[in-house]
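*Asks:* here is my input; please provide its structure:
(4 chains)
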Protein chains: 2
Amino acid sequence: MTLDRYDRAILNALQKDSSISNLDLSKLIGLSTSACLARTKNLKELGVIKQFTTIVDERRLGMETIAFIMVILSPLNRETANFFLEQINKLPQVLECYSITGNKDYLLKIVVKDMPTYKDFVIDSLMSIPGVSRVETSIVINTEKRTLSIPTED
Amino acid sequence: MTLDRYDRAILNALQKDSSISNLDLSKLIGLSTSACLARTKNLKELGVIKQFTTIVDERRLGMETIAFIMVILSPLNRETANFFLEQINKLPQVLECYSITGNKDYLLKIVVKDMPTYKDFVIDSLMSIPGVSRVETSIVINTEKRTLSIPTED
DNA sequence: CTTGAAAGAGACACGTC
DNA sequence: GACGTGTCTCTTTCAAG
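*Replies:* Numbering: from 1, shown residues only, chains lettered A, B, ... in the order given. Next up is the predicted model:
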């Protein structure tokens, strides 16, 4: 499965604005509507397109505090890891969780209302998970850049 | 400006799947199509809805390496910071950039093809920016959780 | 891949209550 | 806020080149 320049153009356009109509999209990339629609459909079925979604301004929802937390699990074994991830997946404040290389085990992205809520979250929800031994917090001062557009080449 | 439960329901649904039709959306949240459409429009105009976008599977695009990089700028003054952010905004490999509290200044999320490309990126694109004195890399082993759904309450 | 046609669905602006 | 109506555009499928 290899993507040609039309597929890439479709993906780029949809990443910028998924509400574009198939008609406009086909004009934009220089294909007929039928060909364009078939490709978009195909990209969805192949799993290249995972989801159409909406980016919401967290600030305007009253969620003012964004934080990244690095977590060390100990002991780091399959049991504690599985249980940790199970809990993480249940917590709506955790938007992202990555297992990473380096001297920390996990990196979490957190969104909450304010700092007091953040403090409660860390103590009550995070530190209370068995195996979570140390956490290191970085509060986001400002989002300088944020895009979902994966480069489609290089 | 305060959002009621209908607005929240709209936002939750659109975050899950922005390709839902207004008809289905109105059924889902229990409003008429006209009321539902007016609210969605309003949320867009208010800036609560920032963008409709598409989540693409980076792996299937051949972008196998995701990394988080923490950057220390020195000297950290307005000039180096501005220039740094200017360069960052030009680099398509940098999907996200946050200024953060703690002993690092910035946190970047990077997506590239493979590790050799990553090495080149750090040396040629990142370290070559004046003021970038130290970087600390965490390669993503696995994405354990990833959602864009901002909690609409709490 | 393209073009063209045809049918169905949804968007959207109006009124009215 | 709900509902109905009408128009218009887009989607979607299907031919045939």
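
*Asks:* can you list the domains in chain A?
*Replies:* As assigned by automatic domain parsing, chain A contains the domains A:5-45, A:58-139.

*Asks:* now for these, which one comes closest to DNA strand D?
*Replies:* Using Cβ to the nearest atom of the strand as the measure, domain A:5-45 is the one of the domains of chain A that comes nearest DNA strand D, at 3.3 Å. From N, CA and C alone the C-beta is placed, and that goes for glycine too.

*Asks:* sec struct for the most centrally placed residue in chain A, please.
*Replies:* Geometric centre of chain A, nearest residue: A:Glu96, 5.7 Å, by Cα atoms, centre = their mean. What DSSP: H, G, I helix; E, B strand; the rest coil gives for A:Glu96 is strand.

*Asks:* interface residues of chain A facing DNA strand C?
*Replies:* Within chain A, the positions adjacent to DNA strand C are A:30-35, A:38-39 by Cβ under 7 Å from any atom of the strand.

*Asks:* do that again at 10 Å, thanks
*Replies:* For chain A, the residues in contact with DNA strand C (Cβ under 10 Å from any atom of the strand) are A:4, A:6-7, A:19, A:21, A:26, A:29-39, A:42.

*Asks:* that older thread, how about the domains of chain A in CSV, adding mean pLDDT?
*Replies:* Formatted as CSV, the domains of chain A follow (pLDDT from 0 to 100):
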stretch, mean pLDDT
domain A:5-45, 96
domain A:58-139, 97
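
*Asks:* buried among the residues of chain A next to DNA strand C? Need that as a selection in PyMOL.
*Replies:* Burial among the residues of chain A next to DNA strand C is assessed by 16 or more other Cβ atoms under 10 Å in any protein chain shown; the matching PyMOL selection reads:
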select buried, chain A and resi 7+26+29+31+36+39
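
*Asks:* between the domains of chain A, which one is closest to B:Ile66.
*Replies:* Evaluated over those, closeness to B:Ile66 peaks at domain A:58-139, with 7.5 Å, by Cβ to Cβ.

*Asks:* okay, the longest strand along chain A in PDB with CA atoms only?
*Replies:* In chain A, taking DSSP state E as the definition, the longest strand is strand A:132-146. Taking C-alpha atoms only, strand A:132-146 is exported to PDB below (Å, rounded to 0.1, in the frame of the first residue of the first chain):
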ATOM      1  CA  VAL A 132       3.200   5.400  40.800                       C
ATOM      2  CA  SER A 133       6.200   6.300  42.800                       C
ATOM      3  CA  ARG A 134       7.400   9.600  41.400                       C
ATOM      4  CA  VAL A 135       5.800  12.200  39.200                       C
ATOM      5  CA  GLU A 136       7.400  15.300  37.600                       C
ATOM      6  CA  THR A 137       5.100  18.100  36.600                       C
ATOM      7  CA  SER A 138       5.500  20.700  33.900                       C
ATOM      8  CA  ILE A 139       2.700  23.200  33.700                       C
ATOM      9  CA  VAL A 140       2.000  24.600  30.200                       C
ATOM     10  CA  ILE A 141       2.500  28.400  30.300                       C
ATOM     11  CA  ASN A 142       1.600  28.800  26.600                       C
ATOM     12  CA  THR A 143       0.800  26.700  23.600                       C
ATOM     13  CA  GLU A 144       3.200  28.100  21.000                       C
ATOM     14  CA  LYS A 145       2.300  25.700  18.200                       C
ATOM     15  CA  ARG A 146      -0.200  23.000  17.800                       C
END
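
*Asks:* hmm, that strand touching chain B?
*Replies:* Yes. Using Cβ under 8 Å from any Cβ of the partner chain, strand A:132-146 comes into contact with chain B via A:136-146.

*Asks:* note down every partner strand of that strand and its orientation.
*Replies:* Here strand A:132-146 has these sheet partners by DSSP bridges: strand A:65-73 (antiparallel), strand B:94-100 (antiparallel).

*Asks:* reformat those strands as CSV; add distance to DNA strand D.
*Replies:* Below are the strands paired with strand A:132-146 laid out as CSV (distance: least, Cβ to the nearest atom of the strand, whole Å):
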stretch, distance to DNA strand D
strand A:65-73, 29
strand B:94-100, 27
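
*Asks:* can I get the ones you listed in JSON lines with distance to A:Pro130?
*Replies:* What follows is those, written out as JSON lines (distance: least, Cβ to Cβ, whole Å):
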{"stretch": "strand A:65-73", "distance to A:Pro130": "9"}
{"stretch": "strand B:94-100", "distance to A:Pro130": "28"}
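
*Asks:* returning to that earlier point: show me which residues of the longest strand of chain A are buried.
*Replies:* Neighbour-count burial for strand A:132-146, counted by 16+ other Cβ under 10 Å, picks out A:132, A:137-140, A:144-145.
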